[in-house]
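Participant: Okay, here's the prediction I keep looking at, along with the sequence it came from:
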Amino acid sequence: MSRKTERKNMCAASEMLRRYSEVLNLLRFGSYPDGFDNTKRLTLRRYAERFTLQGEELFYRGNRRVISTVEEAKELFKDHHCSPSGGHTGVVKTRKSFTARHYWFGMSSHIADWISKCDKCQRTGKPRDVKPLTSIKSIMASVGKVMRAIRVLEFGKPEVLKLLTDVPVPSPVENQVLIRVHACGINPVDTYIRAGVYARKPNLPYTPGSDVSGVVEEVGNNVTCFKKGDRVFTRSTITGGYAEYTLAAEETVYPLPGKLSFKQGAAISVPYFTAYRALFQKAHGKPGEVVLVHGASGGVGIAACQIARAHGFRVFGTAGSQEGLNLVLQNGAHQVFNHRDQDYIEKIQEAAGGGGINVILEMLSNVNLSNDLKLLSVGGRVVIIGCRGSIEINPRDTMAKESSIIGVSLFSSSKEEWAEAGAALFGGMETGWLQPLIGPEYSLDKAVQAHEDIIQNTGATGKMIFVL
């Protein structure tokens, strides 16, 4: 090997390791190389969006392990390309087989170079002229609009919510919809995910938020139900809702009727889909039954009261302030109870008569579950919607009444359950009983405060949202 070739190989190996380290350090620590100006930082951040950390390893686009050294990459190449099963295929097929499982920086040029030096490929005339993979230069050229967005680089307290002002605006492909966000809902589950205590954890870094409303900015080639300018809301996002723009899959986007504001649109998804799932898909509630919404003045509670009243249930609700009690009454409850009163359990029992409560939708089970079991009717059901800790209960309280404790997770819904709930709720929008109640409003720069308030505020009144 000539000195020139040796220097070239050393430079390639050094470049490969450098780029690997840049992405790894950005994802792990949120740090940039010394001397990077804003343009270089933006370029690197745009590039790093394609990668995730899984344990100590770096992965490209979800499931392709990133190789950090030329030596390991070349060994993989020899094992595959030069093996009997590899068949000394050309650059295109060789690269395609690798990209299903692996990725490394400079992959396309390395594969082309190694195939050009393969004796058998030279003898058989294997093709070597191919279009290269996306390069850093093309990425830099594609950097266009940027936006403000909240980014979480590590799980932890509310302070890990960082507002960045130079996050690249994503581009929709295939069945994706790009939405200019006007408002985004703030949910308790957002805080559990941010803290790293929720069962479903996103890959870091990420932008929180699933419930957005806004206007369609652009659509992918395969989108058929929406066009630019449509008013919409979502039940999920791909890139996160705490941002000025977000991507969502077409199947998770719904038209927002003109009679509802963008603020109300951001208060539909988690509250109303959760309330519907709890009452019908998990508790299998029936018109005429008595429903107690325990913690009824928050977003899910108000939604549950409206849904239950519209479907013929007898609705009880609790709240912790007179303002909250009035709001619960105005949004569907037949009777309300202040859960700060020492005798409120006895008052509920008296109001229910001898039959007890058929269904309890519980927002704070770590405080109320033991009392809930005593309130239930024979065959009664407690549906756990919210929990912030542990609680001791007596299982005997479930035996004589053959009562049930049922957990609910909106993210466990099947495609058919999403469709059912969506149809029912859209009917509520058309007929007018679905009227989201808006609570405290925040700007993105108040994200830390918002996450503190949603957990600490025990007198919730309406849905907390970001307004952009």
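Facilitator: All right, it came through fine.
Participant: make it CA atoms for all contacts and neighbour counts henceforth
Facilitator: OK.
Participant: For stretch 298-317, what is the distance to the chain centroid?
Facilitator: Averaged C-alpha coordinates place stretch 298-317 at 26 Å from its chain's average position (C-alpha atoms, centre = their mean, to the nearest Å).
Participant: got the contact list for that stretch?
Facilitator: When contacts are defined by C-alpha atoms under 8 Å, 6 or more residues apart in numbering, stretch 298-317 is touched by residues 267, 270-272, 274-276, 279, 286-296, 325, 328, 331-337, 363, 433-437, 460-464.
Participant: start to end distance for that stretch?
Facilitator: Counting by C-alpha to C-alpha, to the nearest Å, you get 11 Å between the two ends of stretch 298-317.
Participant: now stretch 433-445
Facilitator: Start to finish, the residues bounding stretch 433-445 are 33 Å apart (C-alpha to C-alpha).
Participant: Same question for it: list its buried residues.
Facilitator: Within stretch 433-445, the residues that qualify as buried by neighbour count (16 or more other C-alpha atoms under 10 Å) are 433, 434, 435, 436, 437, 438, 439, 441, 442, 444, 445.
Participant: tell me the mean pLDDT for that stretch?
Facilitator: Per-residue pLDDT values across stretch 433-445 average out to 94.
Participant: Name the residues that touch that stretch?
Facilitator: Applying C-alpha under 8 Å, 6+ apart, the contact partners of stretch 433-445 are 149-150, 163, 242-243, 260, 263-265, 267-268, 299, 302-303, 306-307, 310, 425, 428-429, 450, 460-468.
Participant: what separates that stretch from the chain centre, distance-wise?
Facilitator: Centroid separation between stretch 433-445 and its chain, computed with C-alpha atoms, centre = their mean, is 19 Å.
Participant: hang on, the earlier thing: now, which of the contacts of stretch 298-317 lie within helices?
Facilitator: Where the contacts of stretch 298-317 overlap with helices, as defined by DSSP state H, the overlap consists of 270, 271, 272, 274, 275, 276, 325, 328.
Participant: Return the members of the contacts of stretch 298-317 classed as buried.
Facilitator: Among these, the ones that count as buried by 16+ other C-alpha under 10 Å are 267, 270-272, 274-276, 279, 286, 289-296, 325, 328, 331-333, 335-337, 363, 433-437, 460-464.
Participant: in the helix or strand harbouring residue 352, what counts as buried?
Facilitator: For residue 352, the enclosing helix or strand under DSSP states H and E is helix 344-352. Using 16+ other C-alpha under 10 Å as the test for burial, helix 344-352 gives 345, 348, 349, 352.
Participant: got the contact list for the third one?
Facilitator: Just to be clear, that refers to residue 349. Going by C-alpha under 8 Å, 6+ apart, the list of residues near residue 349 reads 356, 375.
Participant: mind starting the numbering at 454 from now?
Facilitator: Sounds good: first residue 454 from here, last item residue 802.
Participant: For residue 837, see how far away it is.
Facilitator: When residue 802 is compared with residue 837 (using C-alpha to C-alpha), they lie 20 Å apart.
Participant: Also the second one?
Facilitator: Distance from residue 801 to residue 837, counting by C-alpha to C-alpha: 19 Å.
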